[in-house]
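Chemist: Fold the stuff below for me.
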Amino acid sequence: MHISAKADYAARALLELAREPDHPLTCESIASSQHIPFRFLKSVVGELRRAGLVRSQRGCEGGYWLGRPAEEITLLDVARAVDGELITLRGEPLDGLDYPGPASGLPGVWRRVEADAAAVLGGTTLAALLPEAAGGPTDRKGAA
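Modeler: Predicted coordinates:
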């Protein structure tokens, strides 16, 4: 299984925003804090904005905020916002995958892997990943 740089950077950027929900952050500050290439982060944040996971405001008081509360954004939301399908085989979705003969059971395994990954990611919110000292929940339910 492959986790893309886009999904990793997107999750890290959203966690930075979740840590400071009342203050906008710039892409420059997020990139610096998380050691993410600025130009790449800028395009990732654009995808997150189109997916409604972040909102933005221009100007000297501008920057980015979470588009929804951290308790309502899961890692599955993040991965699907920037990568689309969670798991693909040679770039194709697993839905219609079918093999003949002795390999006929293999597509079911790939679909179970996808379902299990979706369950873990869908059950993990940004809020659950925040350190308690940074304003995260004291109940760690939902953390992986």
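Chemist: I'd like to know how far residue 22 sits from residue 132.
Modeler: Residue 22 sits 18 Å away from residue 132, going by Cβ to Cβ, to the nearest Å. Backbone N, C-alpha and C define where each C-beta goes, glycine included.
Chemist: Pass me the low-pLDDT residue ranges in this structure, would you?
Modeler: Along the chain, the parts satisfying pLDDT under 70 run over 133-144.
Chemist: Give me the most central residue, it.
Modeler: residue 78 (2.4 Å; Cα atoms, centre = their mean).
Chemist: Would you give the sheet partners of the one helix or strand residue 55 maps to, along with the direction of each?
Modeler: Applying DSSP states H and E as the criterion places residue 55 in strand 54-57. The strands beside strand 54-57 in its sheet (DSSP bridges) come out as strand 63-66 (antiparallel).
Chemist: So residue 22 and residue 132 - more neighbours on which side?
Modeler: residue 132 (10 against 6; other Cβ atoms under 10 Å).
Chemist: beta partners for residue 55?
Modeler: Under DSSP bridges, the beta-bridge partners of residue 55 are residue 65.
Chemist: And the helices in this structure?
Modeler: Counting by DSSP state H, residue ranges of the helices within the chain are 5-19, 27-34, 38-50, 75-83, 106-122, 126-129.
Chemist: hmm, who's touching the first one?
Modeler: Where contact means Cβ atoms under 8 Å, 6 or more residues apart in numbering, the residues beyond helix 5-19 that reach it are 25, 29-30, 33-34, 36, 40-41, 44-45, 47-48, 53-54, 64-66, 70, 73, 75, 78-79, 81-83, 126-127, 129-130, 134-135.
Chemist: re the thing from before, CA atoms of the strand holding residue 55 as PDB?
Modeler: This file holds the C-alpha atoms of strand 54-57, laid out as PDB (Å, rounded to 0.1, in the frame of the first residue of the first chain):
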ATOM      1  CA  VAL A  54     -10.100  24.500   4.300                       C
ATOM      2  CA  ARG A  55     -11.300  28.000   3.700                       C
ATOM      3  CA  SER A  56      -9.200  31.000   2.800                       C
ATOM      4  CA  GLN A  57      -9.200  34.700   3.000                       C
END
